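*Asks:* one predicted model, sequence on top.
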Amino acid sequence: MTPSPPTNTSRQPDPLPSPLPPPPHTTPPPHPHITTTGTLSTVGVAMQHGDQTSGGDAGAEAEAFVPRGGLHGLRRRTGPVLLDSSPRSGRAGDGRRSTFREDVGHAAAETYLVTGLAFTLLGYLGVGYRWISQLIALLLYAVLLMPGFIKVGYYYFFSSQVCRSVVYGEQPRNRLDLYIPRDHSKSCPVVAFVTGGAWIIGYKAWGALLGRRLAERGIIVACIDYRNFPQGTISDMVTDASEGISFVCNNAVSFGGDPNKIYLMGQSAGAHIAACALLDQAVKESKGEHTSWNLAQVKAYFGLSGGYNIQKLVDHFHERGLYRSIFLSIMEGEESLPLFSPEIVTKKSSAEAIALLPEIVLMHGTADYSIPSSASETFADVLKHAGGKVKLQLYEGKTHTDVFLQDPLRGGRDQLVEDVISVIHADDAHAREKDALAPTPERLVYEWQLKLARQISPF
């Protein structure tokens with residue numbers, strides 16, 4: 001990208017802490033011993049293989065990465081930092097379980113923040129029939145798919161394979177979830193995944209189903225959370241995503257990942273944000289700037305249902321209910337649109353920057369009306385013309401949510417997952433043999449519910 005976007009004169013809210021309420025009590029999983037490089041961590045998220053922790057909510061898990069002095073006491077490390085590997089439960093530093101009073105207080109504080117952010121967002125939205133109708137459709141859509149969401153939610157909160165709310169940076173929402181394969185006796189490929197959510201409702205848990213499916217096939221998934229609007233604007237989101245990618249690249253070995261097999265993936269708004277971070281990194285490296293991670297560490301980028309020229313999508317989003325006023329506030333003003341349009345940045349980037357990019361795999365449903373598939377097709381053409389390594393995979397008749405939600409909830413072999421795995425396991429004959437024998441995922445939602453949900457989906 002470019003150094004710094006023009007000053008945004010539109011009203012911007014102050015960054016706020018994470019608005020998300022804590023999930024219920026769960027048991028964090030055992031993981032291999034963790035050693036971090038260049039991170040902010042001072043105590044561990046995981047134990048030596050075979051050790052077990054218990055207790056604590058997501059807030060407690062997250063606090064296990066923050067010293068007692070708080071964020072102000074953090075100092076960046078330039079060398080390896082050996083994390084505490086002793087079993088611990090609840091709060092970091094004192095080895096005790098969090099009390100009921102502390103949990104209630106944490107939940108109340110988070111609820112207060114959610115309410116404040118909701119009213120701030122409503123101030124931007126105003127009153128409009130489009131977004132209200134979209135909200136109603138979203139609620140009905142969620143109700144229809146609730147049986148599947150409950151099953152995935154149970155896995156997310158209670159599976160020993162999920163390590164939630166790993167802190168990767170200093171900003172609100174700088175957390176990620178790790179999905180670890182059952183058999184991590186050897187180093188596994190790692191996918192850093194940036195979730196979608198229209199730049200407003202994105203959350204790391206949205207990647208739980210993808211994380212589960214890939215972990216079942218021997219692939220570690222790190223679902224990166226980031227500040228959403230109005231907590232932050234697009235530059236904050238790109239910065240957060242880049243820092244999350246840096247954490248994954250610098251700590252892959254720590255949680256059983258293969259540092260030579262790291263992949264980046266984003267869906268919808270997350271695909272846009274991840275592409276921005278990728279190109280920003282390429283531009284910086286081509287200019288010889290110092291960075292905390294390197295593009296050579298990323299083997300491929302998967303962009304699912306993304307929009308890569310947001311300058312052309314403003315009117316489309318407005319008609320869909322994401323009003324021009326709020327979208328331009330998210331993107332820091334109309335003058336900043338070219339700076340955060342990967343397609344435009346690619347055209348303006350040097351050959352040296354484009355040569356640094358990994359293989360780009362763009363995936364899109366042809367019946368996607370949230371972000372038309374032409375967005376991926378045009379970006380693929382621009383990348384090819386610029387000399388990039390790109391592959392376009394279109395899914396005939398698939399909508400924005402078909403490829404990411406309905407199809408995986410249907411059970412059976414999911415084409416998107418298989419396509420992603422085929423790239424990751426391309427050079428691993430043993431993994432491909434295991435893929436051929438992998439059990440078929442179970443159905444999570446009845447077919448009639450999936451079909452009805454597809455009809456009313458607001459996406």
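*Replies:* Perfect, I can see it now.
*Asks:* centre-most residue in the protein?
*Replies:* Geometric centre of the chain, nearest residue: Val194, 2.3 Å, by Cα atoms, centre = their mean.
*Asks:* so where's the stretch 151-300 of the chain uncertain?
*Replies:* In the predicted model of the stretch 151-300 of the chain, no residue satisfies pLDDT under 70.
*Asks:* 80 instead, please
*Replies:* Applying pLDDT under 80 to the stretch 151-300 of the chain picks out residues 184.
*Asks:* mind listing the strands for it?
*Replies:* Taking DSSP state E, counting those that start in this stretch, the strands of the stretch 151-300 of the chain run over residues 162-167, 175-179, 188-194, 220-224, 257-267, 298-304.
*Asks:* partners of the second one in the sheet?
*Replies:* According to DSSP bridges, strand 175-179 forms sheet pairs with strand 162-167 (antiparallel), strand 220-224 (antiparallel).
*Asks:* just want the angle from that strand to strand 257-267.
*Replies:* 110 degrees (axes from the mean of the first three to the mean of the last three Cα atoms, to 10 degrees).
*Asks:* what sits up against strand 175-179?
*Replies:* 18, 31, 62, 156, 161-168, 204-205, 207-208, 211-212, 214-215, 220-225, 244, 247-248, 255 (Cβ atoms under 8 Å, 6 or more residues apart in numbering). (C-beta placed from N, C-alpha, C; glycine too.)
*Asks:* want to throw the strands paired with strand 175-179 into TSV with distance to Phe302 and mean neighbour count?
*Replies:* Below are those laid out as TSV (distance: least, Cβ to Cβ, whole Å; neighbours: other Cβ atoms under 10 Å):
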stretch	distance to Phe302	mean neighbour count
strand 162-167	21	24
strand 220-224	12	29
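*Asks:* any chance of those strands in CSV, plus distance to Lys398?
*Replies:* Putting the strands paired with strand 175-179 into CSV (distance: least, Cβ to Cβ, whole Å) gives the following:
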stretch, distance to Lys398
strand 162-167, 28
strand 220-224, 22
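*Asks:* of all these, which lies closest to Gly333?
*Replies:* Among the strands paired with strand 175-179, strand 220-224 comes nearest to Gly333, with 25.6 Å by Cβ to Cβ.
*Asks:* one step back: please convert the strands of the stretch 151-300 of the chain to JSON lines, extending it with distance to Lys287.
*Replies:* Converted to JSON lines, those look like this (distance: least, Cβ to Cβ, whole Å):
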{"stretch": "strand 162-167", "distance to Lys287": "30"}
{"stretch": "strand 175-179", "distance to Lys287": "28"}
{"stretch": "strand 188-194", "distance to Lys287": "23"}
{"stretch": "strand 220-224", "distance to Lys287": "25"}
{"stretch": "strand 257-267", "distance to Lys287": "21"}
{"stretch": "strand 298-304", "distance to Lys287": "18"}
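*Asks:* tell me which of those strands sits nearest to Arg443.
*Replies:* Across these, closest to Arg443 is strand 175-179 (Cβ to Cβ), at 20.7 Å.
*Asks:* could you dump the closest one to CSV, C-alpha only?
*Replies:* C-alpha atoms of strand 175-179 as CSV (Å, rounded to 0.1, in the frame of the first residue of the first chain):
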residue,chain,number,x,y,z
ARG,A,175,-6.6,-11.9,19.9
LEU,A,176,-6.7,-15.1,17.9
ASP,A,177,-8.0,-18.6,18.2
LEU,A,178,-5.9,-21.7,17.5
TYR,A,179,-7.4,-24.9,16.1
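*Asks:* got the buried residues for it?
*Replies:* Residues of strand 175-179 classed as buried by neighbour count (16 or more other Cβ atoms under 10 Å): Arg175, Leu176, Asp177, Leu178, Tyr179.
*Asks:* Ala241 versus the nearest residue to the third one once chain neighbours are set aside, what's the distance?
*Replies:* Nearest in space to Asp177, with sequence neighbours left out and distances taken as Cβ to Cβ, 6 or more residues apart in numbering, is Cys223 at 4.5 Å. From Cys223 across to Ala241, the span is 12 Å (Cβ to Cβ, to the nearest Å).
*Asks:* quick one, what contacts the residue nearest to Asp177?
*Replies:* Cys223 touches Leu176, Asp177, Tyr179, Phe193, Thr195, Lys204, Ala205, Trp206, Gly207, Ala208, Leu210, Gly211, counting by Cβ under 8 Å, 6+ apart.
*Asks:* quick one: these as TSV, columns for distance to Lys391 too.
*Replies:* Shown next, in TSV, are the contacts of Cys223 (distance: Cβ to Cβ, whole Å):
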residue	distance to Lys391
Leu176	27
Asp177	28
Tyr179	25
Phe193	19
Thr195	22
Lys204	27
Ala205	29
Trp206	25
Gly207	22
Ala208	27
Leu210	19
Gly211	23
